[in-house]
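Colleague: sequence and predicted structure, then a few things I'm wondering about:
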Amino acid sequence: MKTRITLGTFAILLALFFTSYSDVIANSGGSQGGFSSSGGDNGNSCGQGGCHGGGHTLQAGIITTNIPMSGYTPGTTYRINVAGTSGTGTKFGFELAAENASNATAGTLTPASTGAREKIRSNGHATHTSVGNIGTMGAFGWQLDWVAPASGTGVVKFSTAVLVANNNGGTAGDATIRFSTTTNEASATSITEITSDNTKLYPNPIENHLNIFSDNTAVNYLSVMNVEGKIVFETSISSVDRVDLSQLKKGIYFATVKSDKANFTQRVIKL
């Protein structure tokens, strides 16, 4: 028996094809939204409730931050990384949400990298761009800056879903992984000491820049001493700062951050 396809049926099939194709192309430049696996997104990801299907699996540690163990300080900027490895994917996408206990967006996310790999959706969630969906075989990574929300916000939960795609032009063989982590709001009690618990100097080793994050808002000065005990660099800083040390020669140094009442020294290596 022959099957007849009427002109009307053909038009419908053609429309469905182009709609599906358009969705695939559009998603290469960012999530459609609502698929970060967060509470506000009802736990949905591109693999569960999204167009790729197949469910999602937990992969611990794909969100890392430099928020201190003591919690975030309102108004302070922190670095949020979404990075990891998974299978042999060649195309990657993500959506990340920062939400309070009521599942509402908390704080402000902005792209941290200069390569336009990330963008922010109208709902405040972060996602990839068409430039940012490319990674090395099985490895993905994006960076965001997060300005912590106002005092009294309390616990904030970061949730992300990452699509690992095989770039075969369809959804078959793609995988989705998810992860979430929480951070508390730091106590409003005045901090006078500067210690390794409330102050971070990174990265270490250093290539060009040293990042400084301290819960002690009185931090105002940085000095760098060489192994011979000579001060080779000094500058005024704030408790959250980024200092250019590219002029230093390769070697071992001792970086000291100070307030008017305390100081903290950390051994650092300049590459």
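Modeller: That came in fine, so what should we check first?
Colleague: count the residues that sit near the nearest residue to V82 once chain neighbours are set aside.
Modeller: Beyond its immediate neighbours in the sequence, the residue positioned closest to V82 (C-beta to C-beta, 6 or more residues apart in numbering) is W142, lying 4.8 Å away. Every residue, glycine included, has its C-beta placed from N, CA and C. Look at W142: counted by other C-beta atoms under 10 Å, it has 26 neighbours.
Colleague: what about W142, is that helix, strand or coil?
Modeller: strand (DSSP: H, G, I helix; E, B strand; the rest coil).
Colleague: contacting residues for it?
Modeller: W142 sits next to N81, V82, A83, F94, L96, S113, R117, E118, A126, H128, G132 when contact means C-beta atoms under 8 Å, 6 or more residues apart in numbering.
Colleague: nearest to G40 among these?
Modeller: L96 (11.9 Å; C-beta to C-beta).
Colleague: state the distance from the residue nearest to V82 to T199.
Modeller: 26 Å (C-beta to C-beta, to the nearest Å).
Colleague: swap in V224?
Modeller: V224 is 15 Å from T199, by C-beta to C-beta.
Colleague: list the residues that contact the closest residue in space to G47 that isn't next to it in sequence.
Modeller: Once flanking residues are discounted, G47 sits nearest to T176: 2.8 Å by C-beta to C-beta, 6+ apart. Residues in contact with T176 (C-beta under 8 Å, 6+ apart) are 45-48, 50, 52, 54-57, 161-164.
Colleague: I269: which of these is nearest?
Modeller: Nearest member of the contacts of T176 to I269, counting by C-beta to C-beta, is V162, at 31.7 Å.
Colleague: hey, what's Y202 bridged with?
Modeller: Note on Y202: beta-bridge partners by DSSP bridges are N211.
Colleague: and what of S180?
Modeller: S159.
Colleague: which members of the contacts of T176 are classed as buried?
Modeller: S45, C46, G47, Q48, G50, H52, H56, A161, V162, L163, V164 (16 or more other C-beta atoms under 10 Å).
Colleague: just the buried positions in the host helix or strand of the residue nearest to G47, please.
Modeller: Under the criterion of DSSP states H and E, T176 resides in strand 175-183. Residues of strand 175-183 classed as buried by neighbour count (16+ other C-beta under 10 Å): A175, T176, I177, R178, F179, S180, T181, T183.
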